[in-house]
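Peer 1: my questions concern the predicted model and sequence given below.
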Amino acid sequence: MTHAILILAHKNPEMFVPLIEYFKQECAVYIHYDRNALLTEKEVTRLHSFPQVKGLYRQFSVHWGGYSVLQAELFLLQQAYNDGFADYYHVISGQDYPIKPFHVFLDFFESHPMLDFMEYKAYPVTGWDNSFFDRFRYTYFYDMIDGRSPQGKAFMGKAVQLQAQYGVAQEPLPYFPVIYKGSQWMSLSSDAVSFLLTYTRTHPQFCHWIERTFAPEESYIQTVLVNLRGGSVVNDNLRFILWTGENGNNPSNLSIQHWDQIVESNAIFARKMEPPYCTELIRMIDETILYAS
């Protein structure tokens with residue numbers, strides 16, 4: 001069984017060199033590196049030096065919360081699918097790290113063919129007045145502003161307030177009875193990727209509808225696949241992620257203090273890895289899990 005590894009990254013290319021090295025056989029690696037971020041010629045040469053790296057792209061300027069995140073993800077899926085190489089497609093970030101030996105990674109998907117692993121939660125559109133749906137009702141401008149800066153937060157809050165005040169909002173989702181939301185990090189079978197890319201090409205209306213919403217990468221793929229291919233989708237993305245706001249970030253920047261939880265987890269990848277918090281943790285993962293003698 002073969003695997004396409006799709007890495008969405010925006011900083012610290014030296015951090016995901018060990019990630020690339022992990023996928024040393026039966027894998028092809030495709031990287032999208034944010035066009036806004038610095039990437040030196042030396043770093044480009046280094047990344048291209050790995051035979052498993054089949055593509056390094058800088059197609060989009062990627063902005064948190066914006067449609068550009070979904071664009072980059074769909075772009076990588078299309079590039080990898082065009083090569084016709086993989087049975088599975090794994091969407092990970094440059095701040096992910098494997099927490100199972102490579103043979104366990106291979107064996108797991110060999111024993112679960114044709115299943116799709118993603119996190120999702122259902123939101124029936126009949127509850128369109130629920131505050132959750134504000135992320136879909138109103139137009140967001142995160143591809144034009146830094147939505148995490150104080151100024152960006154203030155601007156976007158005011159923009160949504162004005163839209164609500166003047167009744168400028170999208171109508172309830174006309175394409176599906178349920179919106180599904182979850183993490184964008186997932187592992188998909190080749191059949192699911194084929195279905196998703198064909199649907200996106202032949203039914204562009206939903207993609208156009210969702211592009212003005214907040215964080216569409218957390219809803220688009222889930223909504224299409226669970227509504228239309230629900231029987232193959234397992235509600236587990238096989239990622240260890242903590243939403244506890246530790247070490248200065250939410251999701252938490254993982255550190256050695258999370259070791260026991262990681263070891264006990266059934267996940268295959270963990271994130272977020274942010275130095276210096278993760279330095280000792282990664283050393284322990286390498287020495288006792290990935291490359292133990």
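Peer 2: Structure's in. What do you need? Being a predicted model, the structure only gives us computed values, none of them experimental. Numbering: from 1, shown residues only.
Peer 1: now the helices for the chain?
Peer 2: Using DSSP state H, the helices found in the chain span residues 17-22, 41-48, 67-82, 102-110, 134-137, 150-165, 190-202, 204-210, 220-229, 259-264, 279-285.
Peer 1: for residue 35, which of these is the nearest?
Peer 2: With CB to CB as the criterion, residue 35 lies closest to helix 67-82 of the helices of the chain, at 9.4 Å. Backbone N, C-alpha and C define where each C-beta goes, glycine included.
Peer 1: what does the closest one contact?
Peer 2: 4, 6, 8, 28, 30, 32, 34, 54-55, 57, 59-63, 86, 89, 91, 143, 184, 190, 193-194, 196-197, 200, 210-212, 215-217, 220-221 (CB atoms under 8 Å, 6 or more residues apart in numbering).
Peer 1: buried residues of that helix, list them for me.
Peer 2: Within helix 67-82, the residues scored as buried using 16 or more other CB atoms under 10 Å are 67-77, 79-81.
Peer 1: and stretch 43-56, by the same measure?
Peer 2: By 16+ other CB under 10 Å, the buried positions in stretch 43-56 come out as 47, 52, 53, 54, 55, 56.
Peer 1: for the stretch 101-250 of the chain, which spans come out with low pLDDT?
Peer 2: Residues of the stretch 101-250 of the chain meeting the criterion pLDDT under 70: none.
Peer 1: on that earlier part again, in ChimeraX, select just the buried ones from the contacts of helix 67-82.
Peer 2: Selection of buried members from these for ChimeraX, criterion 16+ other CB under 10 Å:
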select :4,6,8,28,30,32,34,54,55,60,62,63,86,89,91,143,184,190,193,196,200,210,211,212,215,216,217,220,221
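Peer 1: ok, the residue lying closest to residue 179 once chain neighbours are set aside - contacts?
Peer 2: The shortest distance from residue 179 to any non-neighbouring residue, by CB to CB, 6 or more residues apart in numbering, is to residue 123 (4.7 Å). By CB under 8 Å, 6+ apart, residue 123 lies in contact with 130, 132, 133, 178, 179, 180, 181.
Peer 1: what does stretch 19-28 rub up against?
Peer 2: Contacting residues not belonging to stretch 19-28 are listed as 1-5, 7, 29, 47, 50, 52-54, 80, 83, 85-86, 92, 94, 96-98, 102, 106, 290 [CB under 8 Å, 6+ apart].
Peer 1: residue 280 touches residue 258, doesn't it?
Peer 2: No: applying CB atoms under 8 Å as the test, residue 280 and residue 258 come out as separate, 11.0 Å apart.
Peer 1: more neighbours: which of those two?
Peer 2: It is residue 258, of residue 280 and residue 258, that has more neighbours when counted by other CB atoms under 10 Å, with 21 against 13.
Peer 1: please report the distance of the more buried one from residue 271.
Peer 2: 11 Å (CB to CB, to the nearest Å).
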